[in-house]
Every structure is written in C-alpha cells, then in structure tokens.
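Chemist: Sequence plus the predicted model coming up.
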Amino acid sequence: MPRIYCDDDVDLSVLSGRTIGIIGYGNQGRAQALNIRDSGFGLLIGNRDDRYKDIAIKDGFAVHTIGDVAEKADIILMLIPDEVQPQVYESQIRPHLGAGDVLCFASGYNVFYRTIEPPAGVGTIMVAPRMIGAAVRELYTKRLGFPCLVACREGDDPQHLPIALALARAIGGTRLGAFQSSFREEVVIDLFAEQMLWPGIIKLCLLYFEKLVENGCDPEIVTTELHLSGEFVEIAKAMITHGFFGQLKLHSQTSQYGQLSRMDRMAPPELLASVDAAMQGITSGRFHAEWAQEREAGKPNMRKLWQQALEHPLARSEAKLEVLRKVVARSYGGA
Ligand code: NAI
C-alpha cells in the first residue's frame, strides 16, 4: 500500500508566512483558489486578460499578471493547460524563480517529459486531484473528499513534501486521503486511461451499436440502451457501492454467467498487443512527441478524427434523441 495522508496527518502551518500564487483560473485554478481561500489562506491569482480573469474578479480576487505572481509568490501552483505550460513557464515564470521557491503541478506531464525543468534549488512538487475542477469545489463545500496524488520530483530531496501535503489539505484533497505517488505514476495512470481504457470502452460501444443495427435492431433503441438509459452510470455507481465484481450480483444469473464466461474472449492476443503498444508509447515519450508535432502543425489530424467521430451513425442517432437525452441528463444533474 502506498502511504495515504489524511487531514490529521498534515500540518497546515507550513503554509503560514508563505505567499501562495495560482497561475490560471480555469477548471482547477478556480476550484483550488476558492478552496484554499476558504481554508484560511490568502493568495494571488495570475491570469492573462481573458474571460477567466473576469470570473476571478467576480469571485472577489485581485488578478495580477502571471509574471507579477511568479515574482511575488514563493509557492506557485501551475494551473493552466499542460500544452501551454512550457512556453508560459519559460517566458513568465522561470525568470522570477529563486532558491526556496516551490512550483506545484496538478499533473506530472511536463516534469515527467522534461518540457519543464525547474532549477535544482526550486522545490518541484505535485498535488494532483483525481477529479474534475467543478467537483473539487463542490465536494469541498459539501465537506466531502476526492482522491489526490502528491509527490516530490523524482530524484529530489523530499523536503517539500509537507508543502505538497498542506496544499492538498487546503484544497480538500486529504479528506478522503492523499496517496504518495510520483510524477511518472500520475502521467502513466492518466495517459493509459486516455489511450487504452476510454478508447477501448468507446470502441466497444461503437461495435455494440454497429453489430446490433446490422442485425436488424433500431438505432435509436440501441442508442437509448447504450448510454441514454443511464444504465451505464448506474453500473459505474454500483461498482463503488458493491465493489467492482460485487455489482455483478445485481444482474440476473444469465447476465452474470454471460459476462464472466465471455470477458476473456473480449481480449484476444491482438488486443493485448495494442495494450502493450499504448503503454510503450507513453513510457517511451513517443506519444508525447507525436502530440507535440500535431499541435505544432495546427492539429490537422485532431480535426479529421473529430469529424470522423461525429459522422458515426451513433452520433446521428443520438441527435434524433436530443429531447430524451436532455431529460435523462437532468436526472443526472447535467444540462
Ligand atoms: P484550463 O483549460 O481550465 O485552464 C484555463 C486557464 O488557463 C485560464 O486561466 C486561462 O487564462 C489559462 N490559459 C490558457 N491558455 C493560456 C496561455 N496560452 N497563456 C496563459 N494562460 C493561459 O486548465 P485545467 O483543465 O484546469 O488544467 C490545469 C492543470 O490541472 C493541468 O496541469 C491539468 O493537467 C491539471 N488537471 C486538470 C483536471 C481537470 O479537471 N481539467 C483534473 C486534474 C488535473
């Protein structure tokens, strides 16, 4: 078991007398800023002139330039998108960093792939909520928790771990428990879900749709059965309530037998090779290089892939069920 830190294991006083600066006021930036403020700490917000700046002002913060915050703060939270961080870091943050400053990331991406390499005297830590920003805020206000990973940069003296833990506690990340992890582990877990688990699930859903329609089933009924019924969500919830396998007991005996006897057949050797290739692409840096190149070229493949996805018959079928989708979405708290 990795070490898990809860509220009582963490000393918040290590943040006293330090100036905390948050760069970015988006998904994570807003949630973390509001939570840190409600935990009793003052902080500076650094944001460029855009709509996020207006939101921060509406929330009662004085907003500074990113460079100003980097200069004044000695604990800096990097909460802008991973893709823009290296350029913003080089031009507006790095020139103001000095020994003893601490730079905190919410993902391991840029440090693991060495697209940001803070100098040796600068504490480089990670506080990565495993939760979308809106929920980081909502769970905090409800006094509930969310999983969080904390780490010091691999190879560094872990002297700054208490600061990572205190920040995790201040955003509500130690209520449920913060796991001691590493930048590498966060990246691999995150990207592997994005490149193996979710695309695998999406592809299986599409195959489910295609095969049923090919076998004479109505596309709209299949789409409803697939995700609009909400069964998918209920199964995911039951995995938490009854356990990953325990939820199977909520299904009929026929369903249980069907699922348990067929699951291995859904993973033939070719699929296992793709699983290995996805992991290899992540750990070797190949995916990172491919994605950087794609962005530099103006994302032409991304546009094609989006177009291809939206042309799938499932997307057309879903469009016909817009009214139903909105009704179901409301019952799950969505718009
Ligand atoms: P976001 O997309 O919500 O970031 C928006 C913010 O970035 C705004 O304040 C905007 O002004 C600023 N920004 C965008 N482009 C900029 C540029 N070129 N120069 C200066 N500022 C710019 O970002 P998000 O999703 O909150 O991600 C922040 C960090 O949190 C990332 O490291 C991400 O991996 C991590 N993270 C995000 C999660 C999420 O819920 N989205 C979950 C856990 C971690």
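Modeler: Cool, got the structure. Numbering: from 1, shown residues only.

Chemist: OK, now which residue of the stretch 1-150 of the chain is nearest to the ligand?
Modeler: Residue nearest to the ligand within the stretch 1-150 of the chain: G26 (2.1 Å; C-beta to the nearest ligand atom). C-betas here are computed from N, CA, C, even on glycine.

Chemist: need the contact list for that residue.
Modeler: 52, 79-81, 133 (C-beta atoms under 8 Å, 6 or more residues apart in numbering).

Chemist: which of those are buried?
Modeler: Buried by 16 or more other C-beta atoms under 10 Å: 52, 79-80, 133, out of those.

Chemist: out of those residues, who's near the ligand?
Modeler: Among these, proximity to the ligand is found for 52, 79-80, 133 (C-beta under 6 Å from any ligand atom).

Chemist: Determine which two of those are furthest apart.
Modeler: Comparing every pair within these by C-beta to C-beta identifies I80 and G133 as the most remote, at 12.4 Å.

Chemist: Common neighbours of those two, please.
Modeler: 26, 29.

Chemist: mind checking the longest strand of this structure?
Modeler: Longest strand of the chain, by residue count under DSSP state E: strand 123-129.

Chemist: Going toward the C-terminus from that strand, what's the next helix or strand?
Modeler: Next in sequence after strand 123-129, counting helices and strands by DSSP states H and E, comes helix 133-141.

Chemist: Pull the distance from that next one to the chain's centre.
Modeler: 13 Å (C-alpha atoms, centre = their mean, to the nearest Å).

Chemist: So which elements touch it?
Modeler: helix 27-38 (3 or more C-beta pairs under 8 Å, 6 or more residues apart in numbering; DSSP states H and E).

Chemist: From the contact counts, what lies against the very next helix or strand once past the helix it packs on?
Modeler: Reading on from helix 27-38 to the C-terminus, the next helix or strand found by DSSP H and E is strand 43-46. Contacts defined by 3+ C-beta pairs under 8 Å, 6+ apart place strand 43-46 against strand 20-23, helix 27-38, strand 63-64, helix 66-72.

Chemist: Out of those, which gets nearest to H288?
Modeler: Across those, closest to H288 is helix 27-38 (C-beta to C-beta), at 20.8 Å.

Chemist: and the angle from the closest one to strand 123-129?
Modeler: Counting by axes from the mean of the first three to the mean of the last three C-alpha atoms, to 10 degrees, helix 27-38 lies at 100 degrees to strand 123-129.

Chemist: Can you tell me which of the contacts of G26 is nearest W306?
Modeler: P81 (17.8 Å).

Chemist: so what's the backbone phi/psi at the residue in the stretch 201-335 of the chain that the ligand sits nearest to?
Modeler: Going by C-beta to the nearest ligand atom, the ligand is nearest to R295 of the stretch 201-335 of the chain, at 11.9 Å. With angles defined as degrees, to the nearest 10, R295 sits at phi -70, psi -40.

Chemist: pLDDT wise, what is it at?
Modeler: Turning to R295, the model gives it a pLDDT of 97.

Chemist: which residues touch E71?
Modeler: Taking C-beta under 8 Å, 6+ apart, one finds H96 in contact with E71.

Chemist: Using neighbour counts, pick out the buried residues of stretch 188-202.
Modeler: Those would be 188-192, 195-196, 200, for stretch 188-202 by 16+ other C-beta under 10 Å.

Chemist: hmm, back to that, go ahead and report the secondary structure state at the nearest residue to the residue of the stretch 201-335 of the chain closest to the ligand once chain neighbours are set aside.
Modeler: Leaving aside its chain neighbours, R295 sits nearest to E83 (6.2 Å; criterion: C-beta to C-beta, 6 or more residues apart in numbering). Three-state call for E83 (DSSP: H, G, I helix; E, B strand; the rest coil): coil.

Chemist: do the same with E186
Modeler: Assignment for E186 (three-state DSSP): helix.

Chemist: Near it, how many residues? Count them for me, please.
Modeler: The number of residues packed near E186 is 24, by other C-beta atoms under 10 Å.

Chemist: quick one: contacts for the residue nearest to S229 when sequence neighbours are not counted?
Modeler: Among residues not flanking S229 along the chain, V328 sits closest, at 7.4 Å (C-beta to C-beta, 6+ apart). Counting by C-beta under 8 Å, 6+ apart, V328 touches 228-230.
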